[in-house]
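Asker: below is the sequence, then the predicted model.
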Amino acid sequence: MMTTILLMACITFFTRYLFLHRALPFKVGPKMQQFLSFSAPAVLTAIWVPIVFVTDEGVNLDWQSPYLSAAVAAIIVAYKTHNIYYTTLVGMGLFLILN
Amino acid sequence: MRKALLKGFLDMLPLCLAVIPWGILCGSLAIQNGFTAVETQAMSLLVFAGSAQLVAIELIAGNTPLLTILFTTFIISSRHFLYGLAVRHKVIDQPMRWRLPVSFVLTDELFAFSHHRKAYRTKIRLIYALSAGFSFYTAWNLWTFIGIVAGSLLPDLTHLGLDFAIAATFIALVIPGIKNLATLATVITAGVMATLLKSQGFELWLVAAALTAMTVGYIISRIKNKTEHNL
């Protein structure tokens, strides 16, 4: 078991460290950099949207879903305030009330 | 320096709290599946990757062959290549003693705080990043520990719908950053693609959705640049 855990640790660390290794002989050019500038919104959104819409039974587009209403509220608060604390509090608060 | 430490901690705090259900689940699920307490904690201390840990616990419990477990870990972790590529130009001039710890804590959560033009480029910004990264590391291990000790007494918080906490914090991180059409298109594409691919059970859903969305964003920004040049 410990061997498996150690090997897993090597893999996750490898994926995180590889491109921060100096000896890798390449430079990220301006076009590639522009492409990569979209990675944060792309990955983070690809993580949170399925939490809202995907259930064990498939895609849930029901407007009554607490996930959807709370997400809409969180989006509005995030847009208006740019504040992570307000957004999380309103989103979670509404979610817990509806759920 | 003190300010940077504190700011890193405070910026990461909502995310540290948002992963409570997942951290506890990592601890309790492993114990339920026959891991010892030491093995369970070692996983969070060394692997430090929530989604990979949860999947691996189920696979190990199901006597899955080692190679399958490692391959699955690799697939789930492959999004980190994008993070490394995206921050490479900011971090690469720093000595090893900074790059090594930064890469160790380069999670989804820390990457979300890496977009600033000067991120990782000054000592203060490195201290800020490491403070944020290692406070998340500490929190993750603390929640795992609580899961190990009290897992059997607590309900599964993720099935209570507390998984929404992650969605709420990520919404707070993404929405304020939408400042032009290209980013808006990226976000919409990523959401639609991830939902479709994940619900279809496609293993590479996360990376595939992200790469498609980045391509859409990139193409739109290129077209916009061109039309602006032609005016």
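Answerer: Perfect, I can see it now.

Asker: residues in contact with the residue minimising distance to the centre of chain B?
Answerer: Central residue of chain B (Cα atoms, centre = their mean): B:Asp108, 2.1 Å from the mean position. For B:Asp108, the contacting residues are A:Val43, A:Leu44, A:Ile47, B:Arg79, by Cβ atoms under 8 Å, 6 or more residues apart in numbering or on different chains. For glycine as for every other residue, the C-beta is placed from the backbone atoms N, C-alpha and C.

Asker: ok, 7 Å please
Answerer: A:Val43, A:Leu44, A:Ile47 (Cβ atoms under 7 Å, 6 or more residues apart in numbering or on different chains).

Asker: for it, report the pLDDT, please.
Answerer: According to the per-residue confidence, B:Asp108 scores 95 in pLDDT.

Asker: for A:Leu18, see how far away it is.
Answerer: 17 Å (Cβ to Cβ, to the nearest Å).

Asker: over to B:Phe113?
Answerer: B:Phe113 sits 21 Å away from A:Leu18, going by Cβ to Cβ.

Asker: B:Asn141 touches B:Leu45, doesn't it?
Answerer: Yes. Proximity of B:Asn141 to B:Leu45 meets the contact threshold set by Cβ atoms under 7 Å, at 5.9 Å.

Asker: so for these two, which sits in the more crowded spot?
Answerer: B:Asn141 (18 against 14; other Cβ atoms under 10 Å in any protein chain shown).

Asker: who's in contact with the more buried one?
Answerer: Contact analysis of B:Asn141 by Cβ under 7 Å, 6+ apart lists B:Gln41, B:Ser44, B:Leu45.

Asker: can you tell me the element it falls in?
Answerer: helix B:123-150 (DSSP states H and E).

Asker: for the following helix or strand past that helix, the distance to its chain's centre please.
Answerer: Next along the chain after helix B:123-150, taking DSSP H and E as the criterion, comes helix B:164-174. Distance of helix B:164-174 from the chain centroid (Cα atoms, centre = their mean, to the nearest Å) equals 12 Å.

Asker: what's the answer for stretch A:88-99, then?
Answerer: That offset, for stretch A:88-99, works out to 19 Å (Cα atoms, centre = their mean).

Asker: tell me which residues in that stretch are buried?
Answerer: A:Thr88, A:Leu89, A:Val90, A:Gly91, A:Met92, A:Leu94, A:Phe95 (16 or more other Cβ atoms under 10 Å in any protein chain shown).

Asker: if we look at chain B, which of those are close to it?
Answerer: A:Thr88, A:Gly91, A:Met92, A:Phe95 (Cβ under 7 Å from any Cβ of the partner chain).

Asker: just the contacts of B:Asn141: which are in helices?
Answerer: When these are checked against helices (DSSP state H), the matches are B:Gln41, B:Ser44, B:Leu45.

Asker: separation between the last one and B:Phe35?
Answerer: When you say that, I think you mean B:Leu45. Computed as Cβ to Cβ, the B:Leu45 to B:Phe35 distance reads 13 Å.

Asker: skipping its backbone neighbours, what lies nearest B:Ile75 in space?
Answerer: B:Glu203 (5.9 Å; Cβ to Cβ, 6 or more residues apart in numbering or on different chains).

Asker: and for B:Leu181?
Answerer: Using Cβ to Cβ, 6+ apart, the nearest residue to B:Leu181 is B:Ile220, at 6.0 Å.

Asker: ok, that neighbour touching B:Thr183?
Answerer: No. With contact defined as Cβ under 7 Å, B:Ile220 does not count as touching B:Thr183 (9.0 Å).

Asker: re earlier: pick the one among the buried residues of stretch A:88-99 closest to B:Met193.
Answerer: A:Gly91 (22.9 Å; Cβ to Cβ).

Asker: report the contact partners of that closest one.
Answerer: Applying Cβ under 7 Å, 6+ apart, we find A:Gly91 in contact with A:Ala70, A:Ala73, A:Ala74, B:Ala168, B:Ile171.

Asker: so it sits in a helix?
Answerer: Yes. Under DSSP: H, G, I helix; E, B strand; the rest coil, A:Gly91 falls within a helix.

Asker: if we can go back for a sec, columns pLDDT on top of the contacts of B:Asn141, output as a markdown table?
Answerer: Formatted as a markdown table, the contacts of B:Asn141 follow (pLDDT from 0 to 100):
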| residue | pLDDT |
| --- | --- |
| B:Gln41 | 98 |
| B:Ser44 | 98 |
| B:Leu45 | 98 |
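
Asker: now render those residues as TSV, adding distance to chain A.
Answerer: Converted to TSV, these look like this (distance: Cβ to the nearest Cβ, whole Å):
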residue	distance to chain A
B:Gln41	10
B:Ser44	10
B:Leu45	9
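
Asker: burial of the nearest residue to B:Asp156 once chain neighbours are set aside, as a residue count?
Answerer: Using Cβ to Cβ, 6+ apart and skipping residues adjacent in sequence, the residue nearest B:Asp156 is B:Leu25, 6.5 Å away. Neighbour count of B:Leu25, defined by other Cβ under 10 Å: 26.
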